[in-house]
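[1] here are the coordinates; sequence isn't available:
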């Protein structure tokens, strides 16, 4: 099989295509001949040495794939063979063949391409956990989606639209027309405007009920202050670390020093809440993830889950794909294809 290895910390040139023996499924596992593999910003951070959960380099990263099952291990029904599926992978997703536990694989909806299916697992499950499970977003409430043009941002937009919320989002101006077509009510150009002032204007100074924030550092302080009473802040990334010019782990130090310290008494007095989401720490909650995935597949079939693939790259061009994402050129998902 072919795999893309991250061989060292640094730029996209550190992604290399290598050959390896085909893996064999063990008990309760199945093997997928991959047709598409999703790229996430966590993969970029791992390459830069800024993702604590990443395996020690050199390593193969990648959290999600879609493809066709061609073999199963003991304790897996042979009926899986030949099925088109999408799956969560605990790394190793940048490959043309993967083995995953059966509980992490799901039948691909017939209406989705393999590329679209590879755009569902990480982005939509993260957005579902942020908005529905922990954010408790209700019809008529207001949500602010930071990086609304990202993969998680578009997934959150689909879910918030389905719920019936009022949706604000931050994004560069070039992405605004597309986001409004997707259902965003108000787009804020964070590159030219102070988004906190714009949110205050839009809400007559009240703030919003829910903010989902992948930025990290001092940006979480701004998001917390922009909450309405009874508001919730969902934190799920530290993308600002990638923008720092400091070397290596010092980037995380700067982000960490800027993070807020949430005092329980202050939270009580403000009637606000904060929570964090990391899908990569939920491998032991397979039943929960399966239920969320079922709800999303139902959403695909009903037409309100609409995974958007911005661009595809051949597996051998993973480095170019990373560079494209880092340049903030993508809207939605970037996918590697076999």
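    Good, I have the coordinates. It should be emphasised that the depicted structure is a prediction, and the values quoted were computed from it without experimental measurement. Residues are numbered from 1 along each chain as shown.
[2] residue contacts, the residue nearest to residue 323 when sequence neighbours are not counted?
    Spatially, and ignoring its direct neighbours in sequence, residue 323 is nearest to residue 12 (4.7 Å; Cβ to Cβ, 6 or more residues apart in numbering). For every residue, glycine as well, the C-beta is placed using N, CA and C. Each residue near residue 12 by Cβ atoms under 8 Å, 6 or more residues apart in numbering is listed here: 47, 318-320, 322-323, 326.
[3] try residue 222
    195-196.
[4] need phi/psi at it.
    phi -60, psi -40 (degrees, to the nearest 10).
[5] out of everything not next to it in sequence, what's closest to residue 129?
    In space, residue 129 is closest to residue 277, 5.1 Å off (Cβ to Cβ, 6+ apart).
[6] what segments of the stretch 101-250 of the chain are strands?
    Taking DSSP state E, counting those that start in this stretch as the test, the strands found in the stretch 101-250 of the chain are 105-107, 142-145, 166-170, 186-188, 208-213, 227-235.
[7] who are the packing partners of the fifth one?
    The contact analysis (3 or more Cβ pairs under 8 Å, 6 or more residues apart in numbering; DSSP states H and E) places strand 208-213 against strand 142-145, helix 219-225, strand 227-235.
[8] go on, the fourth one?
    Counting contacts by 3+ Cβ pairs under 8 Å, 6+ apart, strand 186-188 is packed against strand 166-170, helix 176-182, helix 195-202.
[9] can you list contacts of that strand?
    148, 167-171, 175-176, 179-180, 195, 198-199, 202.
[10] can I get the buried part of those as one PyMOL selection?
    In PyMOL, this line selects whichever of the contacts of strand 186-188 come out buried by 16 or more other Cβ atoms under 10 Å:
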select buried, resi 148+167+168+169+170+171+175+176+179+195+198+199+202
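[11] any idea which of the contacts of strand 186-188 is closest to residue 134?
    Nearest to residue 134, judged by Cβ to Cβ, of the contacts of strand 186-188 is residue 167 at 17.8 Å.
[12] my read: residue 219 touches residue 225, true?
    No - under the criterion of Cβ atoms under 8 Å, residue 219 is not in contact with residue 225, lying 10.8 Å apart.
[13] looking at the two now, which is surrounded by more residues?
    residue 219 (22 against 15; other Cβ atoms under 10 Å).
[14] pLDDT wise, what is that one at?
    Residue-level confidence at residue 219 comes out at 91, pLDDT.
[15] just residue 232 next, same as before
    As predicted, residue 232 sits at a pLDDT of 98.
[16] equivalent analysis for residue 262, please.
    pLDDT, residue 262: 88.
[17] helix/strand/coil for the residue nearest to it when sequence neighbours are not counted?
    In space, and not counting its chain neighbours, residue 262 is closest to residue 274: 5.4 Å by Cβ to Cβ, 6+ apart. With DSSP: H, G, I helix; E, B strand; the rest coil as the basis, residue 274 sits in strand.
[18] follow-up on the earlier one: are any of the contacts of residue 12 buried, and if so which?
    Buried among the contacts of residue 12 by 16+ other Cβ under 10 Å: 47, 318-319, 322-323, 326.
[19] dump the contacts of strand 186-188 to CSV, plus pLDDT.
    Shown next, in CSV, are those (pLDDT from 0 to 100):
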residue, pLDDT
148, 97
167, 98
168, 98
169, 98
170, 98
171, 97
175, 97
176, 98
179, 98
180, 98
195, 97
198, 98
199, 98
202, 98
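[20] including distance to residue 57, could the contacts of strand 186-188 go into TSV?
    Converted to TSV, the contacts of strand 186-188 look like this (distance: Cβ to Cβ, whole Å):
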residue	distance to residue 57
148	32
167	39
168	39
169	34
170	32
171	32
175	33
176	38
179	35
180	41
195	35
198	41
199	40
202	44
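[21] out of the contacts of strand 186-188, flag the one nearest to residue 301.
    residue 167 (22.8 Å).
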